[in-house]
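Asks: kindly generate the corresponding structure for this input.
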Amino acid sequence: MNYEQLAKEIVQGVGGEKNVVSLVHCATRLRFSLKDLSKADKAKLEKTDGIITVKESGGQFQVVIGNKVPEVYNAIGQVSNILSDSKTEEKAQGGKKGIGAVVDVISSIFAPLLGVMAGAGILKGLLLIFSNFHWLEKTDTTYIILYAAADSLFYFLPLLLAVTTARKFGGNIFTALTIAGALVYPTIIQLKTDGTDTHFFGIPVVMMSYSSTVIPIILAIIVMSKLEKFCNRVIHESVKNFITPLISLVVMLPLTLIVFGPIGVYVGNAIADGLLAAFSFSPLLAGAILGASWQLLVIFGVHWGLVPVFINNIAVYGKDGIKPAATASVFAQTGAAFGVMLRTKNKKLRTLAGSATLSALFGITEPAVYGVTLPLKRPFIAGLVGGAVGGAIIGQAGTQAFASGAPGLLTLPIFYGPGGQGFPGLIIGIVASFLISAVLAYVLGFKDPVEEDNKTEVPAESVAPVNGDSDKVSEKALSPLSGTVVALSEVPDPAFSSEAMGKGVAIEPTSGRVVAPFDGTITVAFKKKHALAVVSDSGAEVLVHVGIDTVKLNGEHFTSHIKEGDRVTAGQLLLEFDLEKIREAGYPTVTPVIVTNTFDYTDVLPLQQGQVKEQQELLQIVGNDKEAEAS
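Replies: Predicted coordinates:
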């Protein structure tokens, strides 16, 4: 790889030096903060040799390189002044304005809850089905226990949002939880239920119901975080640890009940009413628009703006008629990726499209969109058309969502309400969106990479070996961590889950240690200590990336015991990390362990399921050497 040439193409592709606010890198990608995203040529960058994919997320323009990202980052510093002018990532994010800032806040607050929200939503949907078919009666204690597990997240949602909002804005989590707890405190709820004329030192208080609400607690904790920082600056060190929380509680709870609560509830209801009015005016048209546009909203990250609306509708009305149409968009892009898989003659693209189709069926559309349909353009457009048709059918059927959860096969029960009304329309809509998108993607076609490769002369030494053409020897990689083996497809990052970075597995660690998977040499030891790469003596390159987005911790909670170029032996301690503190900071700790030069080998096969311990055999890296085959 010519790093200098690639660096020049990347700088040009992001709109030039003057368009870059800041640049940082993690273990796999360059993270740009750009002044004007419209100046970036995403399509051109994705076609550039050396770039795996490009994605926009959280206000960042991310160029996924792989484990050679430090070399490309350094090369950018040599061909431009970007690195000398770059601010830290935190300052760059602090400079976001307008819709970018709003999206960043909402995504940071809700993203940590999506997994458990989906699980609780599925359980709630299944209980609705069991109740409708009288398999379980609502008076049964079994039903009551399971319903408590399903509904508690939504009932106590203000407490969970208090935690994530406090983390986002640097507030005291326990003070935030106390304020949120007061909003759902039994006597406060009773004041609303009884219609008691409520005053606070003579100031009238409009009592609202805060269970399952979203906006009031977010507004309250944002202001609380600002108040805490002010108090900590002006109060003496010896007493601020208890005086600051005291002031926060005394000021913020009345302020929330008097101001933020009513405003938040009224604003949330007004937005919901507006969207519901659009569906009431023409459910077919509104469903078509949302079905077509949802994945566009996802690409730009602004779909987060509708997440509070969905939750608010379910909390206030017990159901939501907006979200079901978005489900059509998910299955439409799934169908488009499936159409690509059927038509392409490129083995790598067929494999990618197949795995992306499977993950998209369960609601994870990033690999399908970023890795397949969007780069090929026409399949993405096919998905928009299919989404519009499916959304129109679902909207006209009046389908409702009765719980929260990411749209996918597993979450279909959340759309099954009393009597199953609207549910057949949902099934017809998602089937139509899938089939129409698949057929259109196949018929309209696209510029197959096979055809492009045939038209372009590429130096032989620059072509990565394909499966079966490598002369690498077979070997095994030992597990660098103890924990639970997780499929890469379940990792919440498309660069890993799509296997664009290479094949392997992920491990949910149970201890904070990373050891060497074999005898070899450290090729990458990141300054922020969250990841490392080691190459074996026979040439297998393994990347261990502790957690997702942990680069943002800037090395905090990590201790590295190696540097680049070090010789290591299997089982040698390479890295330590504080597992609990990383989780407390709100970052997933699932750790991809991947062979980054997968295409130098015939295959990479997992050897373990379930629990795994350090130095147990984890991956079989299959070469095509005769000696290995004979053994």
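Asks: tell me the mean pLDDT over the helix or strand residue 380 falls within?
Replies: Using DSSP states H and E, residue 380 sits within helix 378-397. Taken as a whole, helix 378-397 has a mean pLDDT of 93.
Asks: what's the following helix or strand after that helix?
Replies: helix 423-444.
Asks: now the helix holding residue 380 and helix 423-444, what's the angle there?
Replies: 160 degrees (axes from the mean of the first three to the mean of the last three C-alpha atoms, to 10 degrees).
Asks: which helices and strands does helix 378-397 pack with?
Replies: helix 283-299, helix 323-343, helix 423-444 (3 or more C-beta pairs under 8 Å, 6 or more residues apart in numbering; DSSP states H and E). For glycine as for every other residue, the C-beta is placed from the backbone atoms N, C-alpha and C.
Asks: are there helices or strands packed against the shortest one, and which ones?
Replies: Applying 3+ C-beta pairs under 8 Å, 6+ apart, we find helix 283-299 packed against helix 261-281, helix 323-343, helix 378-397.
Asks: CA atoms of the last one as CSV?
Replies: Spelled out, it's helix 378-397. This file holds the C-alpha atoms of helix 378-397, laid out as CSV (Å, rounded to 0.1, in the frame of the first residue of the first chain):
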residue,chain,number,x,y,z
ARG,A,378,-29.1,1.3,-7.7
PRO,A,379,-29.8,-1.4,-5.1
PHE,A,380,-30.1,1.3,-2.5
ILE,A,381,-32.7,3.1,-4.7
ALA,A,382,-34.5,-0.2,-5.2
GLY,A,383,-34.7,-0.4,-1.4
LEU,A,384,-36.2,3.1,-1.2
VAL,A,385,-38.9,2.1,-3.7
GLY,A,386,-39.6,-1.2,-1.9
GLY,A,387,-39.7,0.6,1.5
ALA,A,388,-42.2,3.1,0.1
VAL,A,389,-44.6,0.4,-1.1
GLY,A,390,-44.3,-1.6,2.1
GLY,A,391,-44.7,1.5,4.2
ALA,A,392,-47.8,2.5,2.3
ILE,A,393,-49.4,-1.0,2.9
ILE,A,394,-48.5,-0.9,6.6
GLY,A,395,-49.7,2.6,7.1
GLN,A,396,-53.0,1.9,5.3
ALA,A,397,-53.5,-1.3,7.5
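Asks: alpha carbons only: can I get stretch 250-261 in PDB?
Replies: Extracted C-alpha coordinates of stretch 250-261, given in PDB (Å, rounded to 0.1, in the frame of the first residue of the first chain):
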ATOM      1  CA  VAL A 250     -33.200  21.300  46.400                       C
ATOM      2  CA  VAL A 251     -33.100  23.300  43.100                       C
ATOM      3  CA  MET A 252     -33.600  20.700  40.400                       C
ATOM      4  CA  LEU A 253     -36.600  18.700  41.600                       C
ATOM      5  CA  PRO A 254     -38.900  21.700  42.100                       C
ATOM      6  CA  LEU A 255     -37.600  23.300  38.900                       C
ATOM      7  CA  THR A 256     -38.300  20.000  37.000                       C
ATOM      8  CA  LEU A 257     -41.900  19.800  38.500                       C
ATOM      9  CA  ILE A 258     -42.600  23.400  37.800                       C
ATOM     10  CA  VAL A 259     -40.900  24.000  34.500                       C
ATOM     11  CA  PHE A 260     -39.200  21.200  32.700                       C
ATOM     12  CA  GLY A 261     -41.800  18.500  33.400                       C
END
